[in-house]
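Asks: my questions concern the predicted model and sequence given below.
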Amino acid sequence: MRVSYSVVHCIQLFGTPAMTVTSVRLQPDVETGLAAISEKLQRSRNWVINEAVREYVAKRAADDALWADTLEAIEDVAAGRVVDGEAVHRWMRSWGTADELPAPKPGP
């Protein structure tokens, strides 16, 4: 029981999350590139793969959020919730002046 406690304590102490094992088939050129990066960074191949997948997952999440924002904007335009371009230009021209205008509000 003490060994289990020590392991759990180490994980909590260093903040290392539990990891799962996944196997991946790599094309030879990808394997060569992976080996070169691993050696250059002086990190394990597992570390490099984990970082690459983490970055890819984060990018996909950002892309999905951008797509959701785009769909919301399309719905706003379809519903007429837009700001007149000339109103935006007037507002921008007023920036830094004594008579700075408030930001224009979208219609209906």
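Replies: Sure thing, it's come through.
Asks: now Ser65: phi and psi?
Replies: Careful, residue 65 is Ala and not Ser. phi -60, psi -40 (degrees, to the nearest 10).
Asks: that one: neighbouring residues, count only.
Replies: 10 (other Cβ atoms under 10 Å). Placement of C-beta: from N, CA and C, glycine included.
Asks: how close does it sit to Glu51?
Replies: 21 Å (Cβ to Cβ, to the nearest Å).
Asks: then Glu39?
Replies: 15 Å.
Asks: how many neighbours does Val48 have?
Replies: 19.
Asks: now do the helices in this protein.
Replies: Taking DSSP state H as the criterion, the chain carries its helices at 2-14, 28-41, 45-78, 85-93.
Asks: mind putting those helices in CSV, mean pLDDT included?
Replies: Below are those laid out as CSV (pLDDT from 0 to 100):
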stretch, mean pLDDT
helix 2-14, 41
helix 28-41, 95
helix 45-78, 96
helix 85-93, 96
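Asks: could you export those as TSV, including distance to Glu100?
Replies: As requested, the helices of the chain are exported to TSV (distance: least, Cβ to Cβ, whole Å):
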stretch	distance to Glu100
helix 2-14	52
helix 28-41	50
helix 45-78	26
helix 85-93	8
